[in-house]
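Student: just the structure for this:
(chains A and B)
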Amino acid sequence: MEKIKSALRAFGLPRLIIAGFLLLLFIIAPFVGIGVGNGITDTLARFGMNSIMVLAMVPMIHSGCGLNFGLPLGIISGLLGATLSIQTGVTGPLSFILAIIYSTPFAIIFGWGYGKLLNKVKGSEMMIATYVGFSSVAFMSIMWLILPYTSPTMVWGYSGSGLRTTISTDGFYSHILKNFLQINIGSLSISLGEILFFAIFAFIIWAFLHTKTGTAMTAVGSNPVFARASGINIDKQRTLSVIMSTWLGALGILCYQQGYGFIQLYQGPMYMAMPAVSAILIGGASVNKASIVNVIIGTILYQGIVTMTPSVMNNLIHTDMSEVLRIIVSNGMILYALTRKTGASR
Amino acid sequence: MKNVSKDYNGNPVLKDVNFTLKAGEVLGLVGENGAGKSTLMNILFGMDVIHETGGYGGKVLIDGKEVKFASPLDALKAGIGMVHQEFSLLPGFTAAENIVLNREPENKSVLSLVFGKRANTIDRKALQKKAIEAITKLGVSLDPNMLVSEMPVGHKQFTEISREISKSSIRLLVLDEPTAVLSEKEAEMLLKAIRNLSAQGISVIFITHRLQEIIDVCNKVLVMRDGKIISELDAKKTSISEMARLMVGREVGGPQVRTEEIRPLSDKIVLSIKNLWVDMPGETVRNVNLDVHQGEFLGIGGLAGQGKIGIPNGIMGLYPAGGKVELNGKAIALNNPRACLDSSLAFVSEDRRGVGLLLDESLEWNVAFTAMQIQNKFLKQYLGGLIKWRDQAAIEEVTNKYIKQLQIKCTSSKQKAKELSGGNQQKICLAKSFALQPKLLFVSEPTRGIDIGAKALVLQALKEYNRKNGVTIVMISSELEELRQCCDRIAIVTDGAVSGILPATTPSEDFGMLMVGKTGKEAM
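Tutor: Residues are numbered from 1 along each chain as shown, chains lettered A, B, ... in the order given. Down below sits the predicted model:
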C-alpha cells in the first residue's frame, strides 16, 4: 500500500487526473461516434506540431531562468525566418531549410538580448519574460506592416505592401514533415517525419545536458551560488540557455506552420507560450527541473485533451465547452505549478 | 532563575542554570558563541522557539512568584523588555513614533462614536511628551522628530531602548550586544544610560563581548560556557584576563586533549596575504596580513563578527575584496573564483547548504562537479575535445571512493544531497574539495551544526589529509578547542585584523586575551 502511494506521489496527482480524464475521453469516444483511430491520429499530429515549442522550455528551466513565458520572442524569430524564406521564392523542402537558416541569426541576437535582460532581473524572470513576449509581439505588429516585403503570396492584395495576417505555406513547406514517412493503418495515420524531427532535437538537448557545459547549466539552475563558487560564469550560462530556448522556439513555430499550413502573424504569437508552458508542467516538470520525458508525456497529455475534448464533448452535450475546458486545464496547470516551486517528478 | 535547563532535540544547551537579580542591578553575561546566552534570554522572554522545541526545565521566579511566559507579550506585561541585536524599527517613522508605537495616546473623535476605539485619532502632543520622557529617562540626546531611516546606528539603538523603557511597567531590560554596532563614543553614552537606568531601579541584563564594558558598568558578571554558568563574579573585583580565561577554558583531562607535538614549521611560504580587506556583511575584514607556510595546518579563530570568516570568502572571490594575495610568489586575481580554483586553491564554505552543495542533485554531482568544470576531470572527450561528455563511470567511482573513505552514510551515490544529515553533508563538501586535489585548502567552520561524532570524523579526515598528503590547510573555526586540537599555529582575528598568531599548544586564556582585543604582546 505504501509503495502504491509513493508511486502515485512520484507520478504526480495532476498528471494522474489529466491522464485519467484523457483515457475517459478515449473510452467515451466510440459511443458518440468518434473513431479512436482518428483521435490518436489527431493527437499525434498535434504532438508533432507543438512538441518542439515545449522542448524550448527545457534549457531555460535548467539554467534557473524559469518557464520561458517569452516564447513569443523565439516565435518571432521563426516568423522572420519563414517570411524571408518565402520572400526568396524558393519552394519545396528547401524553403523549410532556408527558413531555419534565416531564423537562426535572429534567434541568436534576440536570445542574447533577452538573456542579458533576464540576468538583470534575477528572481522575477518569469514575470519579465511574459512582458518581453507581449511587447515584442506588439512591436512586430508594426514591423510586419512596414518591412519591405514584396512577395505576392504574403502582402495585402489591395495595397501591395504590408504582410497579411495569415499566409499560406502551400507550395512552400506545407506538410513537409507531416507527409514524410507517413504510415497509414486504417483510420490511424502516424507521421514519422514529425516525430523523427522532434526526436533529433530532443536527442541534441539530452546530449547537451550530458556535456560539461550542460552540467554547468544545470548546476547554475540548481544552486547559482554553488556554481559561482565552482568558478562558473553564471550570467554566461544563463544567456546561453536563453539563446537555446529562443532558437528552439523559432524551430518550433516553423514545425507548427508546416503542419498547420499557415503562417500567423500579428497577434498570432501572443498566447503561444501558455500551451507550451502548461504542457511541460503537466509532463511533470517544475519551475526548476525538467527532462525530455516531461516534454514527451506533457505534450501528449495536453494535446490529447485539446484534440479530444471538442469532438467528444460537443457530441456528448451539444454545447461548445471545449475552449473553456482547455483554458481551465492550461491556466490551472500553470497556477498549480507556480504555487509549488520544488519537486519535479521524472 | 532556578535550575533552568533546556535541550534542543536531545542536545542539551543549558544545564542547571541558577542566578538571581536584584532591582536596579546590572548583570553582565559573557560567554563564547554557543555558550547558551541567547537560549537563556529566550526562555526568560518566552520566545516561541522555546515552546516549539518542547519547553524548558526549571523555574523562573519574579518577586518570588513562579512565572511561565507563553509568549513575548506575557513577558512584556510582566515588565521585561528586550533589545535584540537586529533593530526592529519602522524606518519611515520618527523616533517618537517608533518609541510609542501601538501604545499611542489617543483622542476621541466623532468617528469613534460610531466605529469604536479603532477610529480614535492620535494625540500628537501627548505622543511627543511621552517619547521625550522616555528619552530623558535614558539620559541621552536624541531628536524625537528625526526619521529612523536618517539616523546613525547609535541613535537607532537608543530609539530601541527608549521604546522598551517607555513602557510604564518596565522593570527588567535585556540588552543583547547593544554596543557591537556602536562607535566608541556612542558606546560610552549607552553605558552612561545603563547606569542611569539602574539608578532608577530598573534592572539590566547586559550581554556583550567587550569585557571592558562589563567591568565599567556591571555589578555582577555571569560567565557561561557549554550551557553552564561557570562562575559568578563581582565586576568590581574581576579582571579582563580572569573573565577571558573562564570564557574559553575547558577542564583539563577532558576528551579533547591534544596528543601530538607541534611540528616544525617549513621555511617556504605558500600563501602570503597582504592588506586584505573584504566587504562581507557581518564579517568585515579590514586589514589582514598573514603568511601561510608549506604543509602547515593553520587555524584562524576569533569571536563571531570579527571577520575571520571573511578571509577565505574574500580570497575565493565570493565577496568583494582588495589587497594582495600571493600563492607561491604569484599574485592571485581577487574577486574571481575561477582564478583561485585554477591556481589549486579550494574552499569548503561555512554555508554548507547555500554555497557548499547542490541540494537537489545527486552526491555524484556534488563531489565531481567542481573538479569536472575546473580541471576537466571525469570527462570523456570526443571529436578532438569538441564534445566533453560526462563520464558517469568515473564519477561514480570517485564518489564511492570518498563515501568509503569518509564513511558517509547514504543509500547510494545517487541519493540527493538534501536527504543527508548535516555531518554527512559536510563530508560531501570535503569530498568535493578533495576531488580537486588542491595545494591549499580553506575550510570554514567545518563542524558548525553537526553532532559530536561527526565532528570528530570531520576533523580527523582533515588532519589526515594534511599529515598524509602534505596539503596545506587553513581552518577557520569559532571553537578554539577544535583548532587547538588539529592546528600547528592559530591566528586570532579581532576587528577585521589579525591580532596575534600563537602556537596551538599555548594555553587557551592567551587566545582568550587576543579575542577580546588585546594585542599579542600584552597577552604574552
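
Student: got phi/psi on whatever residue of the stretch 51-200 of chain A ends up closest to chain B?
Tutor: Residue nearest to chain B within the stretch 51-200 of chain A: A:Gly64 (11.0 Å; Cβ to the nearest Cβ). All C-beta spots, glycine's among them, are computed from the backbone N, C-alpha and C. Per-residue torsions, A:Gly64: phi 80, psi 10 (degrees, to the nearest 10).

Student: show me what contacts it?
Tutor: A:Val220, A:Gly221, A:Ser222, A:Pro224, A:Arg238, A:Asn288 (Cβ atoms under 8 Å, 6 or more residues apart in numbering or on different chains).

Student: can you report phi and psi for the first one?
Tutor: Same thing as A:Val220. Per degrees, to the nearest 10, the backbone of A:Val220 is at phi -60, psi -40.

Student: contact partners for it?
Tutor: Counting by Cβ under 8 Å, 6+ apart, A:Val220 makes contact with A:Ser63, A:Gly64, A:Ala227, A:Ile232, A:Ile234, A:Gln237, A:Arg238.

Student: name the member of the residues you listed with the most neighbours.
Tutor: Greatest neighbour count in the contacts of A:Val220, by other Cβ atoms under 10 Å in any protein chain shown, goes to A:Ser63: 31 neighbours.

Student: ignoring the adjacent residues along the chain, who's closest to that one?
Tutor: Nearest non-adjacent residue to A:Ser63, counting by Cβ to Cβ, 6 or more residues apart in numbering or on different chains: A:Ser241, 3.5 Å away.

Student: what about the one you found, distance to A:Met127?
Tutor: Using Cβ to Cβ, to the nearest Å, we find A:Ser241 at a distance of 18 Å from A:Met127.

Student: more neighbours, the two?
Tutor: A:Ser241 (27 against 12).

Student: that one and A:Arg9: what is the separation?
Tutor: Relative to A:Arg9, and taking Cβ to Cβ, A:Ser241 is found at 29 Å.

Student: hmm, A:Thr309 is touching A:Arg326, no?
Tutor: Yes - with contacts counted by Cβ atoms under 8 Å, A:Thr309 reaches A:Arg326, the gap being 6.8 Å.

Student: okay, the two: which has more neighbours?
Tutor: When A:Thr309 and A:Arg326 are compared for neighbours, A:Thr309 comes out ahead with 21 against 17, by other Cβ under 10 Å.

Student: please, which helix or strand holds that one?
Tutor: helix A:292-317 (DSSP states H and E).

Student: check the burial of the nearest residue to B:Leu76 once chain neighbours are set aside by counting its neighbours.
Tutor: Once flanking residues are discounted, B:Leu76 sits nearest to B:Lys167: 6.8 Å by Cβ to Cβ, 6+ apart. B:Lys167: 18 surrounding residues under other Cβ under 10 Å.

Student: what of the one 3 residues further on?
Tutor: Burial of B:Ile170, expressed as a neighbour count using other Cβ under 10 Å, amounts to 19.

Student: what's it in contact with, if anything?
Tutor: B:Gly79, B:Ile80, B:Gly81, B:Glu164, B:Ile202.

Student: quick one: the second one and B:Ser169 touch, right?
Tutor: No - the pair B:Ile80 and B:Ser169 fails to qualify as a contact (Cβ under 8 Å) at a distance of 9.3 Å.

Student: for those two, indicate the residue with more neighbours.
Tutor: Using other Cβ under 10 Å as the criterion, B:Ile80 and B:Ser169 rank with B:Ile80 on top: 27 against 10.

Student: near chain B, which residues of chain A?
Tutor: A:210-213, A:215-216, A:218-219, A:222-223, A:225-226, A:228-233, A:288-289, A:342 (Cβ under 8 Å from any Cβ of the partner chain).

Student: let's see it at 6 Å
Tutor: A:210-212, A:215-216, A:219, A:222-223, A:225-226, A:228-231 (Cβ under 6 Å from any Cβ of the partner chain).

Student: can you tell me the SS state at B:Gln407?
Tutor: coil (DSSP: H, G, I helix; E, B strand; the rest coil).

Student: so it versus B:Leu430, what's the distance?
Tutor: 12 Å.

Student: who has more neighbours, these two?
Tutor: B:Leu430 (26 against 12).

Student: for chain A, tell me whether the helix or strand containing the more buried one is touching it.
Tutor: Per DSSP H and E: B:Leu430 is located in helix B:422-435. No - with Cβ under 6 Å from any Cβ as the criterion, chain A is not reached by helix B:422-435; the gap is at least 8.7 Å.

Student: I'd like to know how far the spatially most central residue of chain B sits from chain A.
Tutor: In chain B, the residue lying closest to the centroid (Cα atoms, centre = their mean) is B:Ala304, at 4.0 Å. Plainly put, B:Ala304 is 21 Å away from chain A if you go by Cβ to the nearest Cβ, to the nearest Å.

Student: how about that residue, phi and psi?
Tutor: Dihedral angles for B:Ala304 - degrees, to the nearest 10 - are phi -60, psi 140.

Student: thinking again about what came up before, dump the residue contacts of the residue nearest to A:Ser63.
Tutor: Shown in contact with A:Ser241 (Cβ atoms under 6 Å, 6 or more residues apart in numbering or on different chains): A:Pro59, A:Met60, A:Ser63, A:Met217.

Student: which strand or helix spans it?
Tutor: A:Ser241 is located in helix A:234-260, with elements delineated by DSSP H and E.
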